[in-house]
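Engineer: okay, here's the prediction I keep looking at, along with the sequence it came from:
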Protein chains: 2
Amino acid sequence: MHQRRSPGQRAGLTRADVIAAARELLDERGLEALTMRALAERLDVAPNALYAHVASKTSLIDDVLDDILAEVEASAPDDGDPRAGLHALMSSSYEVLIAHRDLVPLYLARQGARGPHAQRLGQIVLGQLADAGVSGTSAHEALRVLIVYTIGFAAFATRPPIAAADNAVPPAAEELRSNFDEGLRWLLTGITAPA
Amino acid sequence: MHQRRSPGQRAGLTRADVIAAARELLDERGLEALTMRALAERLDVAPNALYAHVASKTSLIDDVLDDILAEVEASAPDDGDPRAGLHALMSSSYEVLIAHRDLVPLYLARQGARGPHAQRLGQIVLGQLADAGVSGTSAHEALRVLIVYTIGFAAFATRPPIAAADNAVPPAAEELRSNFDEGLRWLLTGITAPA
DNA sequence: ACCTGAACACCGTTCAAGT
DNA sequence: ACCTGAACACCGTTCAAGT
């Protein structure tokens, strides 16, 4: 169960191992189960051994968040309808976020990670916006709005319904999904409308 | 500095005192300084004394979040332009959120609090949507989208800029503010457009 | 009902020492 | 450079006891 090594013996860990184990722990037992100590136990290592591969828990989570963004299906802008391309990319992002419910608030707090995968997605969106005739300041505004809307909606969808309405029936997952699509269409209509 | 009472002596705390002290602590020292122990010290009480007034730290934070929503300027729908009314209400919400940066991720995680103030704001929005000719399922969808957008954008605005763009200059507060307004107009245009 | 004292079962992180 | 052992400085919360 516990450590089988004496000081000086190596476990052969890599940074990638730590990130992968963190993702497994997250998937299996949720966000609050992700502690450095639990992570160390899963890797059969003393808690502080992790600090040879990771600067802090915060930076570890940053890496995990960006790592997950690799799952977003993003084809580079092609010759099709750029509006459809944008819709598809944001839809895929939404689904990846929903698949990792626990992490959504963390994406929000860090606004969607700053790693290489996040940067790549941002570039693709800007490319598609350019194809749709939106560039410069407007394009950067639109990018921000789209990111905010998508993560925000995912945050919304991964929690029990707000009791704002009258007799409010809790919305089902498909209902929220079409709600997301509807709002996204509103946004894309506004963004690509002639000024 | 510390306790001046022996067991059995009362400090005269009320639930409202605890919430108020939590808000002060938050304003003065930020989210991570809000611990039950720090709160107890501020109230000159033993840490566990708080549990006579509050079920848990989580429920205390719920109360604080709803309490803050009382600051949103929300006049009931009048005879003016309902679009302008909606814009004003969401703008005021945005400003209240920005004024409490640390809490924005928490609003997201709980999707905007479920207390009486949140419910009141929800009702006002639904009323204004009805005045704009939006009702039923569409109105509830629109309410969700507006909440998501506003809290999401606030989350976005209270963090350093994402490094998604090319040579990205970090956006200033006023820039983000007008970005928020622009996206909000896009949404309200889409929401109130004839189907 | 409201409080204290003491404790429980945790955290993330650092430091010194081994190889 | 990578690991262990031990510790530091915290957490939220519970339990028993006082009035």
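Structural biologist: Structure received. Residues are numbered from 1 along each chain as shown, chains lettered A, B, ... in the order given.
Engineer: touching DNA strand C at all, stretch A:94-112?
Structural biologist: No: Stretch A:94-112 is not in contact with DNA strand C by C-beta under 7 Å from any atom of the strand; minimum separation 13.5 Å. The C-beta positions use only the backbone N, C-alpha and C, and glycine is treated the same way.
Engineer: mind listing what's buried along that stretch?
Structural biologist: Buried positions in stretch A:94-112, judged by neighbour count with 16 or more other C-beta atoms under 10 Å in any protein chain shown: A:94, A:96-98, A:100, A:103-112.
Engineer: cool, stretch A:134-141 as well?
Structural biologist: The neighbour-count check on stretch A:134-141 (16+ other C-beta under 10 Å) flags A:Val134, A:Ser138, A:Ala139, A:His140, A:Glu141 as buried.
Engineer: ok now it, how far from the chain's centre?
Structural biologist: Distance of stretch A:134-141 from the chain centroid (C-alpha atoms, centre = their mean, to the nearest Å) equals 23 Å.
Engineer: repeat that for stretch A:48-64.
Structural biologist: 18 Å.
Engineer: tell me who's in contact with the residue in chain A that DNA strand C sits nearest to.
Structural biologist: Nearest to DNA strand C in chain A, going by C-beta to the nearest atom of the strand, is A:Gly8, at a distance of 2.3 Å. By C-beta atoms under 8 Å, 6 or more residues apart in numbering or on different chains, no residues touch A:Gly8.
Engineer: picking that back up, what's the closest of the buried residues of stretch A:134-141 to A:Gln119?
Structural biologist: Of all those, A:Gln119 sits closest to A:His140, with 13.9 Å by C-beta to C-beta.
Engineer: just the CA trace of the helix or strand hosting that closest one, in CSV.
Structural biologist: Here A:His140, judged by DSSP states H and E, is contained in helix A:136-157. Once non-C-alpha atoms are left out, helix A:136-157 reads as follows in CSV (Å, rounded to 0.1, in the frame of the first residue of the first chain):
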residue,chain,number,x,y,z
GLY,A,136,-8.9,43.8,-35.5
THR,A,137,-10.4,44.9,-32.2
SER,A,138,-13.8,43.5,-33.1
ALA,A,139,-12.3,40.1,-33.6
HIS,A,140,-10.6,40.1,-30.2
GLU,A,141,-13.8,41.3,-28.6
ALA,A,142,-15.7,38.5,-30.3
LEU,A,143,-13.1,35.9,-29.2
ARG,A,144,-13.5,37.0,-25.6
VAL,A,145,-17.3,37.0,-25.8
LEU,A,146,-17.3,33.5,-27.3
ILE,A,147,-15.0,32.1,-24.6
VAL,A,148,-16.9,33.7,-21.8
TYR,A,149,-20.2,32.5,-23.1
THR,A,150,-19.1,29.0,-23.6
ILE,A,151,-17.3,28.4,-20.3
GLY,A,152,-20.0,30.4,-18.5
PHE,A,153,-22.8,28.3,-20.0
ALA,A,154,-20.9,25.1,-19.2
ALA,A,155,-20.6,26.3,-15.6
PHE,A,156,-24.3,27.0,-15.6
ALA,A,157,-25.2,23.6,-17.0
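Engineer: what lies in contact with the following helix or strand past that helix?
Structural biologist: Counting by DSSP H and E, the element after helix A:136-157 in chain order, helix or strand, is helix A:173-192. By C-beta under 8 Å, 6+ apart, the residues outside helix A:173-192 that reach it are A:83, A:86-87, A:90-91, A:94, A:129, A:132-134, A:138, A:142, A:145-146, A:149-150, A:153, A:156-157, A:171, B:141, B:144-145, B:148-149, B:183, B:185-187, B:189-191, B:193.
Engineer: pull out the buried positions in helix A:173-192.
Structural biologist: Buried-residue list, helix A:173-192, by 16+ other C-beta under 10 Å: A:175-177, A:179-180, A:182-184, A:186-188, A:190-192.
Engineer: try stretch A:7-20
Structural biologist: Neighbour-count burial for stretch A:7-20, with 16+ other C-beta under 10 Å as criterion, is recorded at A:Leu13, A:Val18, A:Ile19.
Engineer: so the last one makes contact with A:Asp62?
Structural biologist: No: proximity of A:Ile19 to A:Asp62 does not meet the contact threshold set by C-beta atoms under 8 Å, at 10.2 Å.
Engineer: interface residues of chain A facing DNA strand D?
Structural biologist: Residues of chain A found near DNA strand D (C-beta under 7 Å from any atom of the strand) are A:3, A:5-13, A:44-49, A:52-53.
Engineer: apply 6 Å and report the result again.
Structural biologist: Taking C-beta under 6 Å from any atom of the strand as the contact definition, chain A meets DNA strand D at A:3, A:5-8, A:10-13, A:45-46, A:48-49, A:52-53.
Engineer: still on that earlier bit, now flag whichever of the buried residues of stretch A:7-20 is closest to chain B.
Structural biologist: Nearest to chain B among these, counting by C-beta to the nearest C-beta, is A:Ile19 at 20.0 Å.
Engineer: now the closest one: which helix or strand?
Structural biologist: helix A:15-29.
Engineer: got the buried residues for the helix or strand that that helix is followed by?
Structural biologist: Downstream of helix A:15-29, the first helix or strand assigned by DSSP H and E is helix A:36-42. Neighbour counts over helix A:36-42 (16+ other C-beta under 10 Å) mark A:Met36, A:Ala38, A:Leu39, A:Ala40, A:Glu41 as buried.
Engineer: closest to A:Gly30 among those residues?
Structural biologist: Among those, A:Ala38 lies closest to A:Gly30 (C-beta to C-beta), at 11.1 Å.
Engineer: can you tell me which residues contact the closest residue to A:Arg37 other than its chain neighbours?
Structural biologist: Distances taken as C-beta to C-beta, 6 or more residues apart in numbering or on different chains place A:Pro47 nearest to A:Arg37, at 4.8 Å, with adjacent residues excluded. By C-beta under 8 Å, 6+ apart, the contact list for A:Pro47 reads A:Met36, A:Arg37, A:Ala40.
Engineer: I'd like those residues as JSON lines, with pLDDT appended.
Structural biologist: Conversion of the contacts of A:Pro47 to JSON lines gives the following (pLDDT from 0 to 100):
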{"residue": "A:Met36", "pLDDT": "98"}
{"residue": "A:Arg37", "pLDDT": "98"}
{"residue": "A:Ala40", "pLDDT": "97"}
